[in-house]
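A.B. asks: predicted coordinates and the sequence they were generated for:
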Amino acid sequence: MTVYGYARAVTHKIDDQTEKLYASGCSTVFSDFRISTDAPGDGWRELVETVKAGDAVRVLSWPYLTRDVRTHEFIRASLADLGVQVETLEP
């Protein structure tokens, strides 16, 4: 099992997220600079192309990724369909 990270932000705070994800044991962290209500971008697509069933994707917390319920559900469902576990570092 490989643990990947996914970070998303519209400001420099993405560096903080990335550092925390690497410190938590993620081997690779994918990221997007996007408004929280936008659909995921290129970093998301790279992540989905990389993960395999049994891997884990770790995010700092859901509010960092999106405040939009449909995008939240899309991210969770997409990873579940791939057999990938989702973990959060913060509530």
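C.D. replies: Structure's in. What do you need?
A.B. asks: show the contacting residues for the spatially closest residue to Thr2 that is not a sequence neighbour.
C.D. replies: Distances taken as CB to CB, 6 or more residues apart in numbering place Asp55 nearest to Thr2, at 4.9 Å, with adjacent residues excluded. Just so you know, the C-beta spots here come from the backbone N, C-alpha and C atoms, and that holds for glycine as well. For Asp55, the contacting residues are Met1, Thr2, Val3, Tyr4, Val84, Gln85, by CB atoms under 8 Å, 6 or more residues apart in numbering.
A.B. asks: so what's the backbone phi/psi at the residue lying closest to Gln85 once chain neighbours are set aside?
C.D. replies: Take Gln85 and drop its neighbours on the chain: the residue closest to it by CB to CB, 6+ apart is Ala56, 4.4 Å away. When quoted as degrees, to the nearest 10, the phi and psi of Ala56 stand at phi -130, psi 140.
A.B. asks: now the buried members of the contacts of Asp55.
C.D. replies: Neighbour-count burial (16 or more other CB atoms under 10 Å) applied to the contacts of Asp55 gives Val3, Tyr4, Val84.
A.B. asks: beta partners of the first one?
C.D. replies: Yep, that's Val3 we're talking about. Counting by DSSP bridges, Val3 is bridged to Ala56.
A.B. asks: from what I can see it touches Arg58, true?
C.D. replies: Yes - between Val3 and Arg58 there is a contact under CB atoms under 8 Å: 5.8 Å.
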